[in-house]
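Visitor: model this:
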Amino acid sequence: MGRNELNDDEAMRALLAAYEEPVVVPPPSQLSRRVIAALPKASPATLRAERRRRALGGRLAIATPLTLVLLLNMIGLWGLLGDSTGPARLFASLNTSFGEAIFVLTLAAKPILNLLTVPGPATLLVALTLLAAGAWGWWQLVRVELLHARAEVG
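Guide: As a prediction, this is how the structure comes out:
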């Protein structure tokens with residue numbers, strides 16, 4: 001630090017002193033001791049390993065439910081496209097209430113799948129209904145924005 005820098009600093013402090021700015025405040029007592037106490041006690045390698053472990057735990061927390069959902073979807077597709085009793089037999093017997101519930105859900109989903117996969121009048125009707133509903137919703141949004149724009153102008 002050169003001599004001019006110190007003079008500049010002193011000149012700036014003198015200029016700001018007329019406005020009572022800045023007020024020099026002594027540092028808190030034992031500041032360095034508190035900073036050192038707040039530093040981590042573990043080595044950097046240990047901290048990196050801990051960070052990696054936490055990141056892996058977060059990935060597993062996301063991947064586990066996602067894998068379960070994908071597995072159940074594959075089992076559901078097996079029941080829809082192949083053997084309807086397959087998923088029920090995989091989890092329980094068809095004689096149990098749980099097995100019957102899975103079997104009923106599989107049979108209930110088959111017409112929905114057929115409606116979406118087999119081209120025909122019903123699929124066309126569903127597609128046109130969805131298109132009309134989307135166009136109506138879009139127009140409602142545009143109409144509201146146009147009303148707001150007219151209110152702001154006029």
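Visitor: outside of stretch 109-119, which residues touch it?
Guide: Applying Cβ atoms under 8 Å, 6 or more residues apart in numbering, the external contacts of stretch 109-119 come out as 76, 79-81, 84, 122-123, 126. For every residue, glycine as well, the C-beta is placed using N, CA and C.
Visitor: just the buried residues of those.
Guide: 76, 79-80, 84 (16 or more other Cβ atoms under 10 Å).
Visitor: what is the nearest of the contacts of stretch 109-119 to residue 136?
Guide: residue 126 (15.8 Å; Cβ to Cβ).
Visitor: which helix runs longest in the chain?
Guide: helix 44-81 (DSSP state H).
Visitor: circling back to that earlier point, so which of the contacts of stretch 109-119 comes closest to residue 148?
Guide: Taking Cβ to Cβ as the measure, residue 148 lies nearest residue 126 of the contacts of stretch 109-119, at 33.7 Å.
Visitor: ends of stretch 79-88, how far apart?
Guide: 9 Å (Cα to Cα, to the nearest Å).
Visitor: residue 137 versus residue 143, what's the distance?
Guide: Separation of residue 143 from residue 137 (Cβ to Cβ, to the nearest Å) stands at 11 Å.
Visitor: residue nearest the centroid of the chain?
Guide: residue 62 (10.5 Å; Cα atoms, centre = their mean).
Visitor: contacts only, for that one.
Guide: Going by Cβ under 8 Å, 6+ apart, residue 62 touches no other residue.
Visitor: where do the helices of the chain begin and end?
Guide: 3-17, 31-38, 44-81, 86-91, 97-117, 121-153.
Visitor: in CSV: the ones you listed, plus mean pLDDT and distance to residue 25.
Guide: Shown next, in CSV, are those (pLDDT from 0 to 100; distance: least, Cβ to Cβ, whole Å):
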stretch, mean pLDDT, distance to residue 25
helix 3-17, 75, 14
helix 31-38, 90, 12
helix 44-81, 82, 33
helix 86-91, 81, 70
helix 97-117, 80, 70
helix 121-153, 86, 50
